[in-house]
Structures are given as C-alpha cells and as structure tokens.
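1. Predicted model, plus sequence, below.
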Amino acid sequence: MPSEALSKVLNELRIAAQHAGVPEPRLLAVGKTRPASDLAALAADGQTAFGENYVQEALAKQAALTSLPLEWHLIGHLQSNKAREAARHFAWVQTVDRLKLVEALAKHRPPEMPPLNLLIQVNIDDETTKHGCQPSEIPEIAERIGHFQNLKLRGLMAIPAPAPDTETRARAFDAMRALFLDLQNAYAGVDTLSMGMSDDAELAIAHGSTMVRVGRALFGERASQ
Ligand SMILES: *Cc1c(COP(=O)(O)O)cnc(C)c1O
C-alpha cells in the first residue's frame with residue numbers, strides 16, 4: 001500500500017531530522033520503472049515532488065498525470081541531445097555536470113516558464129564509471145548557470161558509492177556538505193543538498209541532506225533491470 005509506505009517514510013525522515021537536530025528534508029519520490037498509477041496513488045496522499053531517471057519514461061507519466069500539480073525532477077544522467085525536452089518538461093534537473101549541458105538547458109528553457117531549478121551533480125567518490133563533475137569544477141559550472149535568467153542554481157546532488165561501512169559513507173556525505181556550504185556562501189538562493197536514498201536516507205540527513213530521493217522504501221523492490 002503506497003499510502004502506508006509514504007507515512008512510514010515521512011515519519012522516519014521526521015525522526016531522523018529530530019535526532020540530528022536539523023530541519024526536515026524534502027522527500028523526492030523516485031518513480032523509475034513504476035507505472036503512473038503508482039505515482040498517482042502517492043500524489044493522492046499529498047506527495048508532490050517526483051524524480052525520474054529517463055526523459056522518455058517521465059514524459060509518458062507526465063502525460064498520464066497532467067491533471068495533478070506535480071513537481072518533476074530529472075535525476076538521471078542527461079545527454080545533451082535530450083536537453084531540449086528536459087528543459088521544457090521538468091521543474092528541476094539534478095544532474096548538471098558540465099558546461100555544455102548548462103548552455104543547452106538555457107537555450108531550451110522557454111522564457112514564459114519559471115526558471116529551471118538546477119543542482120550540480122558531484123562525483124564525490126571519484127568513480128570513473130559514474131557521472132558528475134569533480135569538486136574542483138563546481139565553481140565554473142555555478143558561475144555559468146548564473147549567466148542565465150531562465151536557470152536557477154539551487155545546490156548540489158550526489159550519489160555516493162555504496163560503501164559497506166557507515167563511516168565511509170558518512171565521510172562522503174560530509175564532503176558534500178562542505179562543498180554545499182561553500183556554494184551557499186558564494187550564491188544567494190542555494191538551499192538544496194540532494195543526497196540519501198532508501199538505504200541511507202537517515203545517515204544522509206544526519207550529515208546535511210536537505211532532500212532525500214527515495215524509491216524502494218515507497219514503492220517496494222524494483223524488478224531487476
Ligand atoms: C533509483 C534512484 C534513487 C532511489 O533509490 P532507492 O534505493 O530505490 O531509494 C535515488 N536517486 C537516484 C539517482 C536513483 O537513480
């Protein structure tokens with residue numbers, strides 16, 4: 001039952017925030033591989049922010065759910081040739097990791113829409129297989145975003161490597177928090193540090209996350225992909 005799972009997750013986030021003495025994070029419901037009807041069930045219980053990994057999959061669900069006032073976040077790697085559709089159909093893109101993508105999103109975000117909210121994705125564990133920029137590249141990407149009226153820099157996002165031990169994972173989250181605080185000092189309007197998923201949301205909250213991205217804890221296990 002999605003609604004029971006939603007109240008359970010919201011409750012766990014609230015408790016984790018209380019324990020850590022931090023504000024409650026936002027919950028992004030990650031709907032990859034789930035049908036639009038699953039998302040609609042959560043929306044009926046008040047969830048508004050949804051994350052999708054693939055542009056085409058998201059567009060199909062958006063078309064099925066147009067009557068609902070949902071906020072769509074792109075959280076999967078974005079190829080430049082999909083930037084036009086991403087810029088027109090999402091409220092947030094969390095996976096900005098290169099200057100070329102900033103340019104493409106700015107070119108395609110329609111001026112009559114509100115500015116597109118952007119998070120810079122950081123490859124915090126320096127994994128060669130993963131997307132995301134290096135920490136040293138954050139300043140120039142942030143600066144470029146600032147050139148465009150139709151883009152809005154909101155913060156940082158990371159998918160730390162699934163380390164077996166808590167200390168290693170906590171170190172990655174702490175490194176992200178430090179980068180986030182630097183960015184906040186440099187730019188007004190930076191308010192979002194997106195990190196933490198079903199398995200490590202509580203740890204992420206204790207280490208500075210303001211938005212957790214949760215799939216399985218809300219919708220159950222995904223079929224193997
Ligand atoms: C799938 C996914 C999530 C959610 O992961 P769960 O383990 O299902 O909570 C969060 N962030 C990204 C980028 C994802 O791809």
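-> Received it, and whenever you're ready, just let me know what you need.
2. In the protein, what residue comes closest to the ligand?
-> Residue of the chain nearest the ligand, by C-beta to the nearest ligand atom: residue 215 (2.6 Å). C-beta here means a position set from N, CA and C on the backbone, and glycine is covered the same way.
3. How many neighbouring residues does the nearest residue to that residue once chain neighbours are set aside have?
-> Distance criterion C-beta to C-beta, 6 or more residues apart in numbering; nearest residue to residue 215, sequence neighbours excluded, is residue 30 at 3.6 Å. Residues lying near residue 30 (other C-beta atoms under 10 Å) number 25.
4. Then residue 94?
-> With other C-beta under 10 Å as criterion, residue 94 counts 27.
5. cool, and the one 4 residues further on?
-> Applying other C-beta under 10 Å, we find 18 other residues in the vicinity of residue 98.
6. Excluding covalently adjacent residues, which one is nearest to it?
-> residue 133 (6.6 Å).
7. so who does the one you found touch?
-> By C-beta atoms under 8 Å, 6 or more residues apart in numbering, the contact set of residue 133 is 97-98, 120-123, 141.
8. cool, and residue 120?
-> By C-beta under 8 Å, 6+ apart, the neighbours of residue 120 are 96-97, 133, 138, 141-142, 145, 153, 155-157, 183.
9. any chance of the contacts of residue 133 in JSON lines, plus pLDDT?
-> Output for those, formatted as JSON lines (pLDDT from 0 to 100):
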{"residue": "97", "pLDDT": "98"}
{"residue": "98", "pLDDT": "98"}
{"residue": "120", "pLDDT": "98"}
{"residue": "121", "pLDDT": "98"}
{"residue": "122", "pLDDT": "97"}
{"residue": "123", "pLDDT": "96"}
{"residue": "141", "pLDDT": "98"}
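10. Buried ones among those?
-> The neighbour-count criterion (16 or more other C-beta atoms under 10 Å) marks 97-98, 120-123, 141 among these as buried.
11. quick one: which of the residues you listed sit in strands?
-> Under the assignment DSSP state E, those contribute 120-121 to strands.
12. pLDDT averaged over stretch 142-162, what's the number?
-> Here stretch 142-162 scores 96 as its mean pLDDT.
13. quick one: it to chain centroid distance?
-> 11 Å (C-alpha atoms, centre = their mean, to the nearest Å).
14. Give the buried residues for it.
-> 142, 144-145, 148, 150-160.
15. do the same with stretch 100-117
-> Within stretch 100-117, judged by 16+ other C-beta under 10 Å, the buried ones are 101-102, 104-106, 109, 115-117.
16. Run through the chain and note the low-pLDDT ranges.
-> Low-confidence segments of the chain (pLDDT under 70): 1-2, 128-129, 224-225.
17. make it 80
-> 1-3, 126-130, 224-225 (pLDDT under 80).
18. so where do the helices sit in it?
-> For the chain, the helices defined by DSSP state H occupy 2-20, 36-44, 55-64, 83-89, 99-108, 138-145, 166-186, 201-206, 216-219.
19. right, so those: which one is the most enclosed?
-> When the helices of the chain are scored by mean count of other C-beta atoms under 10 Å, the highest mean neighbour count falls to helix 201-206 (a mean of 22).
20. Next, see if that helix gets close to the ligand.
-> No. Using C-beta under 6 Å from any ligand atom, helix 201-206 stays clear of the ligand, coming no nearer than 7.8 Å.
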